[in-house]
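A.B. asks: Need a 3D model of the following:
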Amino acid sequence: MIPSRPIYRRLRAYGLDPSLAQQLTTAPISQIVLKVPWEDVGPGPSGEYVEVIDYDPAGGCFYDPVRLDDPHLLAQDGLPPSEGTPQFHQQMVYAAAMLTIDTFEHALGRRALWSPGPPPKRANKKDDSHYVGQLRIYPHALREANAYYSPAKKALLFGYFPAGQDDPGNHMPGSMVFTCLSHDIIAHETAHALLDGQHRRLNRATNPDMLAFHEAFADIVALFQHFTFGEILHHQIAQTRGDIDSQANLLGQMANQFGRSIGQRGALRSAIGDFDENGTWVPEEPNPARLANTWDAHGRGAILVAAVFDAFLSIYSTRTQDLIRLYTGGSGILPAGAIHPDLVNRLSDEASKAAGHVLRICVRALDYCPPVDLTFGEFLRAVITADQDLVHDDDLNYRVAFVEAFRRRGIYPHDLRTLSPENLRWRTPEEDERKPSDALGGMIELLRKHAHMHMYAETRKALFDEERDTREKLHDWIEAHLKGPDGVQDARFLGILPGRGFEVHAAHFAARTSPDGGLLLQFIVQVTQELHAERFEGGCTLILDLRRRKVAYCIRKPVDSPTRRIRQQIHQNRFAGTGLRSTYFRAQGPGEAREPFAILHRMGM
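C.D. replies: Residues are numbered from 1 along each chain as shown. Got it, this is the predicted structure:
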């Protein structure tokens, strides 16, 4: 009998980062075992999605690669956690990155692809035929307090550095801190790469929210993965007696060791509060005026993270109210002392489910975002629409929780008069002021023919090639259609100008299953156009319902919008100059840079 292929590979890792092992209260949860999708891996580790290359430029050497398929390592769930073993560092970045990729794929309903590599020299700069199969990960790439995703190299680069001498934290001042051992930092950087593969134009600073969204989304992914770690979740629920809203805990904090090592009193960032100058924990209070006065990417992004986390806390409270009533005999007031282990288990289960739902909602919303110039308010609309499409009966008021949490922080679309889940949903073509012609529906028949080829692509390289072929054929169809009698009308519907070049920037097939067993089959198409003289972009995201043969939504950013052009010019003028921001963020156009995250992370950290 031939044994079946395993579903998961079990790998030991630090719970959040090595600092948990230095405290009696958190030592029991300092080490966990991650279950990552099984694949055949070579030395490195090197698999289908990532390749770990452990070159240390400061030391001028390569470290021997770990071999995870070694029988001795398979028998003991990989190497034991160790700050002083490079091979464990390699195992750690591989495990955390693969866990993040798996989360994305389940939410999106398709396999993840990295953004295409740079074209050959002297080739068309828009040539995106270079398939990138593996994201490269360098655990010891930098001798500095930094880590970042490089779109140019298609790589994650992690730094290491000595902790500050006046460090008030829980490790020795001057000791070496490795960012590649922080699960939060690894997940954050992997999310940047996944988001870049999904939306290549969202790293262009065309408005104050763009780079802030990249940072916020990566933090959201890292934070909500905390709730997949059973040991840590149970420990923190027991410690806070289920009150993870108003008490300091690890679940809502990002990169504790890193933050303390650079002189902060606590985590690098927190979604629920922070310590004041006296070391007292102060819960975060929503302030709707803060967004209008915050311009740096990390500070602005933190507002979005707090809004999403606040929505989760409201959902968690709703899901657990009956448990608290039963446990307290209807009073809702917990007695003093530790709560019963059975209640800890049930509260942990509900927290894990709610966190998983919120994270998947946020990831699915990426398909419902405009292809350029995204704002936080538009992300809220994407969240509401994506969830409404898949979950019709919002009996636990998830969508109301999102709307309320965003409103409390001053986040809402500028073009709506009222806030309600029904009003925030993107308009259908029937409700749109820019109507499509009936003939535009012909693209759906074309995409239905391609859908099965996307669905049954055997490899990610085959899927990449199928997507490029679909985009090429769809471009030709739209180009010919726009020359016909309905061309002006449909160009206006798509948010582009007729008679000018445009790009079909993306064509993703997605198959998603709703909680009631329904199947949602969609093509997500991004059409973009750039006016080179003005260096101004527009276009739309089309959500096409393949089963009903209709355009479900056209999420449009018209290239002929004078108000949006003025807003972009105001934003660019605010940061115009010759300083580092201009050097790094305006290297190739408005907000477009070769390494947009390197200096951004250095400034934020």
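
A.B. asks: Go ahead and confirm Ser182 touches Leu16.
C.D. replies: Yes: the criterion here is C-beta atoms under 8 Å, and Ser182 meets it with Leu16 at 7.1 Å. (Each C-beta comes from the backbone N, C-alpha and C, glycine too.)

A.B. asks: Find the residue ranges of this protein scoring beneath the pLDDT cut-off.
C.D. replies: 119-126, 165-172, 248, 254-272, 274-276, 278-281, 533-534, 575-594, 599-605 (pLDDT under 70).

A.B. asks: what residues go with each domain of it?
C.D. replies: 1-198, 203-426, 436-561, 575-605 (automatic domain parsing).

A.B. asks: How far away from the center of its chain is stretch 29-41?
C.D. replies: 20 Å (C-alpha atoms, centre = their mean, to the nearest Å).

A.B. asks: what's the following helix or strand after the lengthiest helix in the chain?
C.D. replies: For the chain, the helix with the greatest residue count under DSSP state H is helix 297-327. Sequence-wise, the next helix or strand beyond helix 297-327 is helix 341-365, with elements assigned using DSSP states H and E.

A.B. asks: how far away is the residue nearest to Tyr49 when sequence neighbours are not counted from Pro65?
C.D. replies: Excluding the flanking residues, the one nearest Tyr49 by C-beta to C-beta, 6 or more residues apart in numbering is Ile101, at 5.5 Å. For Ile101, the distance to Pro65 equals 20 Å [C-beta to C-beta, to the nearest Å].

A.B. asks: wait, what's in contact with Leu482?
C.D. replies: Asp490, Ala491, Pro498, Gly499 (C-beta atoms under 8 Å, 6 or more residues apart in numbering).

A.B. asks: which of the residues you listed has the most neighbours?
C.D. replies: Ala491 (23 neighbours; other C-beta atoms under 10 Å).

A.B. asks: circling back: buried residues in the longest helix of the chain?
C.D. replies: Judged by neighbour count (16 or more other C-beta atoms under 10 Å), helix 297-327 contains these buried residues: 297-320, 323-324, 327.

A.B. asks: is it fair to say Arg512 lies in a strand?
C.D. replies: Yes: the assignment for Arg512 is a strand, going by DSSP: H, G, I helix; E, B strand; the rest coil.

A.B. asks: does Val551 sit in a helix, a strand or a coil?
C.D. replies: strand.

A.B. asks: what's the closest non-adjacent residue to it?
C.D. replies: Pro429 (5.3 Å).

A.B. asks: I figured the one you found was touching Ser437, is that so?
C.D. replies: No: using C-beta under 8 Å, Pro429 is not in contact with Ser437; the gap is 10.3 Å.

A.B. asks: Between these two, which contacts overlap?
C.D. replies: Common neighbours of Pro429 and Ser437 (C-beta under 8 Å, 6+ apart) are Phe493.

A.B. asks: from the contacts of Leu482, which is closest to Asn345?
C.D. replies: Closest approach to Asn345 among the contacts of Leu482 (C-beta to C-beta): Asp490, at 55.7 Å.

A.B. asks: Partner strands of the strand ranked longest in the chain and their direction?
C.D. replies: If you go by DSSP state E, the chain has its longest strand at strand 519-531. Neighbouring strands of strand 519-531 in its sheet, by DSSP bridges, are strand 503-513 (antiparallel), strand 536-545 (antiparallel).

A.B. asks: so which of these is the most packed in?
C.D. replies: strand 536-545 (a mean of 24; mean count of other C-beta atoms under 10 Å).

A.B. asks: what distance separates stretch 48-61 from the centre of its chain?
C.D. replies: 24 Å.

A.B. asks: what about that stretch, how long is it end to end?
C.D. replies: Using C-alpha to C-alpha, to the nearest Å, one end of stretch 48-61 lies 25 Å from the other.

A.B. asks: Excluding its own residues, what touches stretch 107-118? List them.
C.D. replies: 49, 101, 104-105, 128-135, 151-152, 154, 193-194, 196-198, 200, 359-360, 363-364, 366-367, 454, 460, 463-464, 467, 508-512, 520.

A.B. asks: Give me the buried entries from those.
C.D. replies: Here, 16+ other C-beta under 10 Å leaves 49, 101, 104-105, 128, 132-135, 151, 154, 193-194, 196-198, 200, 359-360, 363-364, 366-367, 454, 460, 463-464, 467, 508-510, 512, 520 buried among the contacts of stretch 107-118.

A.B. asks: How about the contacts made by Asp387?
C.D. replies: Asp387 neighbours (C-beta under 8 Å, 6+ apart): Ile361, Arg364, Ala365, Asp394, Tyr398, Arg399.

A.B. asks: Could you report the separation of the second one from Pro162?
C.D. replies: What that stands for is Arg364. Separation of Arg364 from Pro162 (C-beta to C-beta): 42 Å.

A.B. asks: repeat for the last one
C.D. replies: From Arg399 across to Pro162, the span is 47 Å (C-beta to C-beta).

A.B. asks: what do you get for the fourth one?
C.D. replies: For Asp394, the distance to Pro162 under the criterion C-beta to C-beta works out to 50 Å.

A.B. asks: quick one: contacts for Gly133?
C.D. replies: Counting by C-beta under 8 Å, 6+ apart, Gly133 has contacts Glu48, Tyr49, Trp114, Arg460, Lys461.

A.B. asks: is it fair to say it lies in a helix?
C.D. replies: No: under three-state DSSP, Gly133 falls outside any helix and is assigned coil.
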